[in-house]
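Engineer: I'd like to go over a predicted model; first the sequence, then the structure.
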Amino acid sequence: MYVDDMILIGNDPKKIRTLREYLFLEFNMKDLGQLRYFLGIEVARPEQEISLSQHKYILDLRSEIEILACKPIETPIQMNHRLGIFPYQVPIDMGRYQRLVGELIYLTHTRFDITYIIGIVSQFMHAPSGEHMDAVYMILRYLEGAPNKYLLYSKNGVSNIKGYTTADWTGDQTPRRSMSGYLTFVEGNLITWRSKK
């Protein structure tokens, strides 16, 4: 039997130690300690908290596409944008566009602030234009100005569940469909989110 990776979690150190000792007897394995980095996500554990960040992933993405000296901006999208597919738009390198958008999609695991615009630019994967690529570069310039944002989950003594929803009827410019979204917080920590059309 071959097992690649195992992650043990729990609140009882004695039970975790017993399970770990049993697994050492059954498998040839080594203990890598507490989780610090997994699939491009950095994990930090200050007291009573867990933070998830993709700071290194953003730095690697920046150096890969060679925009280390771009001017940062404060918002990832222009207000009242009119992105769409129009006649006579100038096509661009579809492969590059798809790769960049795909890498940005992975960032939405910890960067909810770019989820909306990533959803917009991912609609044009089949027919990107220069205008769409400019929107992608705008996201990258935004990340340049705010690379250190992260998710923080903490024990804060608040015991409640809160949910928020929003809707924009026929707000999507391309197919004129309605858009909606929701967020759920448990004990003050963001647990689920969704933006859909």
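Structural biologist: Perfect, thanks for sending it. Residues are numbered from 1 along each chain as shown.

Engineer: Okay, and residue 110 sits in which element?
Structural biologist: Using DSSP states H and E, residue 110 sits in no helix or strand.

Engineer: For burial, what's the neighbour tally of it?
Structural biologist: 20 (other CB atoms under 10 Å). Placement of C-beta: from N, CA and C, glycine included.

Engineer: likewise residue 118?
Structural biologist: Using other CB under 10 Å, residue 118 is surrounded by 20 other residues.

Engineer: Go ahead and report the secondary structure state at it.
Structural biologist: helix (DSSP: H, G, I helix; E, B strand; the rest coil).

Engineer: Identify each buried residue in the top helix by length along the chain, please.
Structural biologist: Selection of the longest helix in the chain by residue count, based on DSSP state H, yields helix 130-145. By 16 or more other CB atoms under 10 Å, the buried positions in helix 130-145 come out as 131, 132, 133, 135, 136, 138, 139, 140, 141, 142, 143, 144.

Engineer: Tell me the helices and strands packed up against that helix.
Structural biologist: Here helix 130-145 touches helix 55-64, helix 94-107, helix 115-121, going by 3 or more CB pairs under 8 Å, 6 or more residues apart in numbering; DSSP states H and E.

Engineer: Which residues does it contact?
Structural biologist: With CB atoms under 8 Å, 6 or more residues apart in numbering as the test, helix 130-145 has contacts from 58, 61-62, 65, 67, 70-78, 81, 83, 89-90, 92, 97, 100-101, 104, 107, 111, 114, 117-118, 120-121, 124.

Engineer: Would you list the buried entries among these?
Structural biologist: Listed as buried from those are 58, 61-62, 65, 73, 76-77, 83, 92, 97, 100-101, 104, 107, 111, 114, 117-118, 120-121, 124; burial here means 16+ other CB under 10 Å.

Engineer: Can you give me the neighbour number for residue 23?
Structural biologist: Residue 23 has 14 neighbours, counted by other CB under 10 Å.

Engineer: Please name the nearest non-neighbouring residue to it.
Structural biologist: Excluding its sequence neighbours, the residue lying closest to residue 23 (CB to CB, 6 or more residues apart in numbering) is residue 29, at 6.3 Å.

Engineer: do residue 103 as well
Structural biologist: Leaving aside its chain neighbours, residue 103 sits nearest to residue 61 (5.7 Å; criterion: CB to CB, 6+ apart).

Engineer: State the distance from that neighbour to residue 32.
Structural biologist: 26 Å (CB to CB, to the nearest Å).

Engineer: Please name the nearest non-neighbouring residue to the residue positioned nearest the centre of the chain.
Structural biologist: For the chain, residue 108 is the residue whose C-alpha lies nearest the centre (CA atoms, centre = their mean; 1.8 Å). Spatially, and ignoring its direct neighbours in sequence, residue 108 is nearest to residue 115 (4.9 Å; CB to CB, 6+ apart).

Engineer: Looks like residue 158 contacts residue 186 (just checking).
Structural biologist: No - Residue 158 is not in contact with residue 186 according to CB atoms under 8 Å; the separation is 9.3 Å.

Engineer: More neighbours: the two, which one.
Structural biologist: Comparing residue 158 with residue 186 by other CB under 10 Å, the one with more neighbours is residue 186, at 15 against 12.
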